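Chemist: attaching a predicted model along with its sequence, questions to come.
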Amino acid sequence: MNREDLFDRHLRGELNEDESAELKHLLLHDAAAGRAFVEHVHEVNLMVRVGSQLQSASPAQNVVPLAVPLASSGKSFRRWWQAAALAACLLGLAIIGLTLNRSPSRPTAPTVYVSGNGMQVTRDGALMDGDMIEVRPDDLIATSTNEIAVIAYENESTRLELFPGTVVLCGDVSAGKRFELRRGGLQARVAPQAPGQSMLITTPHAQATVIGTEFVVRADERATKLDVFQGKVELACRSNAKKVTVSAGYWASSTSSGTSEAKPLCKCSKCRGTNEPSNCPNLKKKNEK
């Protein structure tokens, strides 16, 4: 069966299962057949519309018919509707091409909320009311000295817990997860992020680049300290751009003069990877004895 017969049987709804599969394969793997199919459909539709109009039109008494030689009228009409169908086909293909080549729309920014007792959110110089507030760029979040706050993302497991006495400035969420830790500390569990959308946490001394991990970062007037529990975090000194990659079970610090090498966290049962060995309670007890 040639492809024109296949097209006609498809339009009449007469294809069996094998013929339908054959048509699908032809259209998927033969670009010329795809164009021919579109042209064929337009031709058939045009013929149906013209035929319907001719059948329904009543003859006008005051119209003089145009004299056209019978031998050439059929050929002229066929050439006309073929040209019209081809033009419609090309127009449809052009529209499809423009649609496919259209640049993707910018993804919408994720919805972010902060919640907690005793927190303060300052926006454009004014304090916001509520125990749960949708975060916007340039919001300044502060926790009291005895309370925590939680920043959570809608439809994502990323979560930041702000320690008591912490001050965080929120960046533009449409550019990725951006936070400036001005004082205090936070513990974060970050879901894997898309390329170019890594979380960035900036302190007065360093910048931490996070793709997906669990960690704690603290900052005061002297230094920034990073503990990594899962994954990896890149810690870079802001003054000299020296970087260190901190893996799970390690910690590093950064000051205005540079960034330290990554060192292992204490693995004893009491610390469980939350302290460097020098701060291990078990070690302190041994030294006291």
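Modeler: Thanks, I have it.

Chemist: which one is residue 184 nearest to, not counting chain neighbours?
Modeler: Distances taken as CB to CB, 6 or more residues apart in numbering place residue 166 nearest to residue 184, at 2.8 Å, with adjacent residues excluded. Where you see a C-beta, it was placed from the backbone N, CA and C, and this is true even at glycine.

Chemist: how about the contacts made by the one you found?
Modeler: Contact analysis of residue 166 by CB atoms under 8 Å, 6 or more residues apart in numbering lists 141-143, 149, 181, 183-186.

Chemist: three-state assignment of the nearest residue to residue 243 once chain neighbours are set aside?
Modeler: The spatially closest residue to residue 243, leaving aside those adjacent along the chain, is residue 236, at 4.4 Å (CB to CB, 6+ apart). Under DSSP: H, G, I helix; E, B strand; the rest coil, residue 236 falls in the strand class.

Chemist: can you confirm residue 32 is in a strand?
Modeler: No: Residue 32: not assigned to a strand; according to three-state DSSP it is helix.

Chemist: what about it, distance to residue 6?
Modeler: Distance of residue 32 to residue 6, given as CB to CB, to the nearest Å: 14 Å.

Chemist: more neighbours, these two?
Modeler: Set residue 32 next to residue 6 and count neighbours by other CB atoms under 10 Å: residue 6 wins out with 19 against 9.

Chemist: out of the contacts of residue 166, who's nearest residue 225?
Modeler: Distance to residue 225, by CB to CB, is smallest for residue 185 among the contacts of residue 166, at 8.4 Å.

Chemist: which element follows the lowest-mean-pLDDT helix or strand in the chain toward the C-terminus?
Modeler: Taking mean pLDDT, DSSP states H and E as the measure, the helix or strand of the chain with the lowest value is helix 70-101, at a mean of 54. Sequence order places strand 112-115 as the next helix or strand after helix 70-101, per DSSP states H and E.

Chemist: list the buried residues in the helix or strand just after that next one.
Modeler: Under the assignment DSSP H and E, the closest C-terminal helix or strand after strand 112-115 is strand 120-123. Judged by neighbour count (16 or more other CB atoms under 10 Å), strand 120-123 contains these buried residues: residue 121.

Chemist: what helix or strand is residue 169 on?
Modeler: strand 167-170.

Chemist: can you list contacts of that strand?
Modeler: 112, 135-143, 151, 162, 178-184, 186.

Chemist: how about a cut-off of 6 Å?
Modeler: 135, 139-142, 179-183 (CB atoms under 6 Å, 6 or more residues apart in numbering).

Chemist: now do stretch 125-142
Modeler: Against stretch 125-142 from outside (CB under 6 Å, 6+ apart): 112-115, 120-123, 167-170, 172.

Chemist: mind listing the helices for the stretch 151-289 of the chain?
Modeler: 281-288 (DSSP state H, counting those that start in this stretch).

Chemist: low-confidence ranges in it?
Modeler: The stretch 151-289 of the chain contains residues with pLDDT under 70 at 269, 272-275, 277-278, 282-289.

Chemist: apply 80 and report the result again.
Modeler: Along the stretch 151-289 of the chain, segments meeting pLDDT under 80 span 173-175, 195-196, 267-289.

Chemist: please apply the same query to the stretch 1-150 of the chain.
Modeler: If you take pLDDT under 80 as the line, the stretch 1-150 of the chain has these spans: 1-4, 6-15, 17, 19-110.

Chemist: could you redo the last one with a cut-off of 90?
Modeler: Within the stretch 1-150 of the chain, the segments meeting pLDDT under 90 span 1-112, 117-118, 129-131.

Chemist: need the contacts of strand 167-170 in JSON lines (columns: distance to residue 218 and neighbour count).
Modeler: Below are the contacts of strand 167-170 laid out as JSON lines (distance: CB to CB, whole Å; neighbours: other CB atoms under 10 Å):
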{"residue": "135", "distance to residue 218": "21", "neighbour count": "22"}
{"residue": "139", "distance to residue 218": "21", "neighbour count": "19"}
{"residue": "140", "distance to residue 218": "19", "neighbour count": "16"}
{"residue": "141", "distance to residue 218": "16", "neighbour count": "23"}
{"residue": "142", "distance to residue 218": "16", "neighbour count": "19"}
{"residue": "179", "distance to residue 218": "14", "neighbour count": "23"}
{"residue": "180", "distance to residue 218": "14", "neighbour count": "17"}
{"residue": "181", "distance to residue 218": "8", "neighbour count": "23"}
{"residue": "182", "distance to residue 218": "12", "neighbour count": "15"}
{"residue": "183", "distance to residue 218": "10", "neighbour count": "15"}
